[in-house]
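1. Pasting a predicted model and its sequence here:
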Amino acid sequence: MAPPVRSVLPVVLLGCGGVGRHLLRHIVSCRPLHANQGVAIRVVGVADSSSLLVADLHSNGLDDALLTDLCAAKSAGSPLSSLLSRGQCQIFNNPEARTKVIDTASVLGKTTGLVLVDCSATYDTVGMLKDAVDCGCCVVLANKKPLTCTYEDFEKLVSNFRRIRFESTVGAGLPVIASVSRILSSGDPISRIVGSLSGTLGYVMSELEDGKRFSEVVKAAKSLGYTEPDPRDDLSGMDVARKALILARLLGQQISMEDINVESLYPRELGPDAMSTKDFLESGLVQLDKSIEERVKAASLKGNVLRYVCKIEGKGCQVGLQELPKNSALGRLRGSDNVVKTKQPTSVSRVEIYSRCYESAPLVIQGAGAGNDTTAAGVLADIVDLQDLFHKTD
């Protein structure tokens, strides 16, 4: 017999792309586990880029069958409105949808509480998130962009640190944020953080060692769900830079994206302002094959490998390609370590944290660092971690 429900967490999800859909599936499949923990997660609203689907008032949220159908509908490219025939829900279109999210946050924030979960990939949610914070709501982020806006926005979002969780913004499900926070809370100053913060680029770099073409590897990474919707967000180094900025700000650096030296793997003429994502995948990527191949070969002739590395130290950050010895810790990092066991390549991240206590032997966090499933699992863990802030309501 399951224990009584102690904590009910109402959730509004922003973004039902790959990570958002995996999150909803995880919530449904983990019902028995959470029931044994005395926790109930109620999804009361789901928003995509154009509309918001919300549960009817006085309901217990969108039921699991509807959530399953929602995932199938969005995977097939159908709008949220296609689910209206199921009943028990209402649809609001932008800009009314944004107002409804804020209204929901205002009402639930003062009564039962609310967890606003951002699994989108846009800066457009910053205003809603800040409003939710003002309403006393909790915030869980997989979306890195809100934390990399102005420093004032960052301060606002983390002003009540117990009510925000953003583990999945750095290293997918790896406990990087938690580890940094725990070290800092202990009074142990962190002097530097070094590592491969992008499981995606880690996968790309290690696959290149096997002689594969850059364009083929990037397309494979996208098909596996390792890249952002536009792979250039990874290849530009901006995804790594955002993670670096989040970590640097946690260390107390009051810096902005403009303060980070970032090396892009493609030229400006192949950027988002010059061509669409579709054109880049079809004709732009192949233009990079020769130059990347030459860099890989040049490194190999010296007994080195290429790794996309981030270094946070002092008052700044550096992000870009580096040649490293094959037998170094980062050089040995392979994005396809488990290919023999699973027949499925994975993306691996490695983060080294140096502090007074971890100076000669750094704290190392390593594991799968990308993928919708892994990221969604990290988001769900963040949601459950907030359970003690909620109580059961009749």
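-> Looks like it arrived, so ask away.

2. on contacts alone, who are the packing partners of the longest helix seen in the chain?
-> Counting residues, the longest helix found in the chain (DSSP state H) is helix 96-110. In terms of contacts (3 or more CB pairs under 8 Å, 6 or more residues apart in numbering; DSSP states H and E), helix 96-110 is packed against strand 7-14, strand 39-47, strand 51-55, helix 126-134. Any C-beta I mention is one placed from the backbone N, CA and C, and that applies to glycine too.

3. who does the third one pair up with?
-> With DSSP bridges as the criterion, the sheet partners recorded for strand 51-55 are strand 39-47 (antiparallel), strand 89-93 (antiparallel).

4. Go through those strands and pick out the most buried.
-> Each of the strands paired with strand 51-55 was scored by mean neighbour count; the highest is strand 39-47, a mean of 23, by mean count of other CB atoms under 10 Å.

5. State the mean pLDDT of it.
-> Mean pLDDT, strand 39-47: 96.

6. Can I get it as CSV, trimmed to CA atoms?
-> Extracted in CSV, the C-alpha atoms of strand 39-47 (Å, rounded to 0.1, in the frame of the first residue of the first chain):
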residue,chain,number,x,y,z
VAL,A,39,4.7,12.9,-4.1
ALA,A,40,2.1,13.8,-6.7
ILE,A,41,3.0,15.9,-9.8
ARG,A,42,0.0,17.5,-11.5
VAL,A,43,0.6,19.0,-14.9
VAL,A,44,-1.9,21.8,-15.0
GLY,A,45,-0.7,23.5,-18.2
VAL,A,46,1.5,22.9,-21.3
ALA,A,47,2.6,25.7,-23.6
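
7. tell me how far that strand is from the chain's mean position?
-> Computed by CA atoms, centre = their mean, to the nearest Å, the chain-centroid distance of strand 39-47 equals 19 Å.

8. Please apply the same query to stretch 311-323.
-> Distance, centroid of stretch 311-323 to centroid of chain: 21 Å (CA atoms, centre = their mean).

9. gap between L62 and S159?
-> Using CB to CB, to the nearest Å, one obtains 30 Å as the distance from L62 to S159.

10. now the helices and strands packed on helix 96-110 as TSV including distance to N372?
-> Below are these laid out as TSV (distance: least, CB to CB, whole Å):
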stretch	distance to N372
strand 7-14	14
strand 39-47	16
strand 51-55	20
helix 126-134	21
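
11. quick one, which of L62 and S159 is more surrounded?
-> Set L62 next to S159 and count neighbours by other CB atoms under 10 Å: L62 wins out with 26 against 12.

12. pLDDT below threshold where in the protein?
-> Regions of the chain meeting the criterion pLDDT under 70 cover residues 1-2, 57, 335-346, 392-394.

13. So what touches stretch 192-202?
-> Applying CB atoms under 8 Å, 6 or more residues apart in numbering, the external contacts of stretch 192-202 come out as 170-172, 180, 221, 226-227, 234-235, 239-240, 243-244, 247, 251, 307-314, 330, 333, 335, 346-354, 362, 368-371.

14. Going by neighbour count, list what's buried in that stretch.
-> Buried positions in stretch 192-202, judged by neighbour count with 16 or more other CB atoms under 10 Å: I193, V194, G195, S196, L197, S198, G199, T200, L201, G202.
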